[in-house]
Structures are given as C-alpha cells and as structure tokens.
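J.: below: sequence and its predicted model.
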Amino acid sequence: MNKIEIINYESQYQEDYKRLSLEWLNENNLYEDADGQMLDHPKIEVLNKGGFIYLAKINSQIVGTITIIPSDNNSFEILKLGVSKNYQRLGIGRILMEFCIQQSKILNARKIILETNTKLESAIRLYTKLGFKEIVYQNNKYEMSDFKMELLLK
C-alpha cells in the first residue's frame, strides 16, 4: 500500500469530506439535519469555531476524514470519522484518531469526547483500543447517537 498522508482540510476537498461522511451515515441510517449543516458548510460549522478537519490521502485520493471541534472545559469533540469502503481495515481510521489525539495534546486539551451509535461496533472497538472509556450518556447533541465516550489526556 502507498503511504498515507494526513492533510488539513481545504475547500477543494469539500465534496470528498461530504462523500466520505455520507457513505457511512447513510449506510447505517444515522444521517440527521445537523450532519447536513456540517457537511455543506464545514468552514462555518467547524473551522470558524476553532475546529479542524483532517483528511487521509493516498496518492491523490482522499480516502478518510475526521473532524475535531472545541468542546467545553478545554476539551475537544471528535466527529465524522470515516474511511472509504475500499480502504477500510488498513488502519486508516486508527491513524486519523491517533493524529487527532496528538493534535489535542498539542493544544493542551484535558480530554476528548465523542458521541456515536452502538450500531458502529468496529468504531467503538477502535475507540476502546485507543483508551476511550464509556461515560454516562446525557445532554446528547445528536438525535442519532446513543453512546458517549471520553479519553482523558495527561
């Protein structure tokens, strides 16, 4: 396999960002209006709010995406981790997650949180392997999520 490069989002990649996210959201019947807002307007919904979008690139093809946005109390929230079907099971999701964990540490975050859905079993396994722990699910921001995890950073 060719080298995986992690790059910062630029507007030229908006359709890739949207395509990769819609692929898994639609496949798992997890799409909601909040997703459309973020995917159609990433500059307004993510970047202008101090967040970051990272893309996994192999050769000239965008094959994965992940988003982190600032949350309360010096923490970040991870959103929209997605890897193209043809590139799954190659460790790209893990590389994107590890990259976000490192970026959060550089930004002196206290913790990283994420909301997900229990349908996404392989994602939850990955989060657990990376040290995320299930926390009480309350104050959910998303209609389609039913599971919340956090990673405390040192």
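T.: Structure received. Computed from a predicted structure; not experimentally measured.

J.: check Glu23 and give its pLDDT.
T.: On the pLDDT scale, Glu23 is placed at 92.

J.: same question, Asn2
T.: For Asn2, the model assigns a pLDDT of 78.

J.: try the one 3 residues further on
T.: Reported pLDDT at Glu5 in the predicted model: 95.

J.: tell me where the model's unsure across the chain.
T.: For the chain, residues meeting the criterion pLDDT under 70 lie at 1, 139-141.

J.: could you pull out the strands for it?
T.: For the chain, the strands defined by DSSP state E cover 4-8, 52-58, 61-71, 75-83, 111-116, 133-135, 147-152.

J.: turn those strands into TSV, columns for mean neighbour count and distance to Ala34.
T.: From N, CA and C alone the C-beta is placed, and that goes for glycine too. Shown next, in TSV, are the strands of the chain (neighbours: other Cβ atoms under 10 Å; distance: least, Cβ to Cβ, whole Å):
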stretch	mean neighbour count	distance to Ala34
strand 4-8	13	23
strand 52-58	20	16
strand 61-71	21	12
strand 75-83	23	10
strand 111-116	20	11
strand 133-135	12	21
strand 147-152	18	16
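
J.: can you redo those strands as JSON lines with distance to Leu30?
T.: Listed next are the strands of the chain as JSON lines, based on distance: least, Cβ to Cβ, whole Å:
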{"stretch": "strand 4-8", "distance to Leu30": "25"}
{"stretch": "strand 52-58", "distance to Leu30": "19"}
{"stretch": "strand 61-71", "distance to Leu30": "15"}
{"stretch": "strand 75-83", "distance to Leu30": "11"}
{"stretch": "strand 111-116", "distance to Leu30": "9"}
{"stretch": "strand 133-135", "distance to Leu30": "19"}
{"stretch": "strand 147-152", "distance to Leu30": "12"}
